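Participant: need coordinates for the following:
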Amino acid sequence: MKYLVIAALALAACEETAADTPEVVAAKAQCKDVLKHVVQITPRGQGKDPEQVVAALPIEDIQACVATEPEVRACMLVVPDVAGVKKCIPNDEVLACMRTAATAKKQAHDKAKQPQADPAIDKPLDDIRARCWAGDAKAADGLKLD
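Facilitator: Numbering: from 1, shown residues only. Now for the predicted structure:
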């Protein structure tokens, strides 16, 4: 339990840099919100100001948070308790499936020379990723990666 709280508290905040993409800026903001929420729902966070906890953590903590899957961050943002935080962390097979779908999407965009969103490319791969997140660790098995 102690390690779960430490890991959850590692979802911290850091300063934005000029090189951050809009996606990274949004992920950092979401991480700040996740951390504040986790502080509020953990027994060790009771009585502490979530803003101060977030501000006191090192930049590496936010980098670790930003590296997590957006679905995990979104899940952690709404769970009512520490047990819910644990449930937000998928197993390795599900994570691999989600990352395969994300890689396939990036490769499809690169191949089409389409760096921006394209529903014809995105929807089928986003649907596969959603199936992975829902627990179907084999959903991306049919995807061919370059």
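Participant: break the protein down into its structural domains.
Facilitator: Segmentation of the chain into domains, based on automatic domain parsing, reads 2-87, 92-133.
Participant: what are the buried residues along the helix or strand hosting Asp61?
Facilitator: Per DSSP states H and E: Asp61 is located in helix 59-66. Residues of helix 59-66 classed as buried: 61-62, 65-66 (neighbour count, 16 or more other CB atoms under 10 Å). Glycine gets a C-beta too; all of them are placed from N, C-alpha and C.
Participant: could you point out which element follows the lowest-mean-pLDDT helix or strand in the chain?
Facilitator: One helix or strand of the chain scores below all others by mean pLDDT, DSSP states H and E: helix 2-9, with a mean of 48. Following helix 2-9 in sequence order, the next helix or strand is helix 22-41 (DSSP H and E).
Participant: if we can go back for a sec, now the next helix or strand along the chain from the helix holding Asp61 and helix 59-66, what's the angle there?
Facilitator: For helix 59-66, the succeeding helix or strand toward the C-terminus, using DSSP H and E, is helix 70-78. Comparing the axes of helix 70-78 and helix 59-66 via axes from the mean of the first three to the mean of the last three CA atoms, to 10 degrees yields an angle of 110 degrees.
Participant: contacts for helix 70-78, please.
Facilitator: Residues outside helix 70-78 that contact it (CB atoms under 8 Å, 6 or more residues apart in numbering): 8, 11, 27, 30-31, 33-34, 37-38, 65, 84-85, 87-90, 98, 133.
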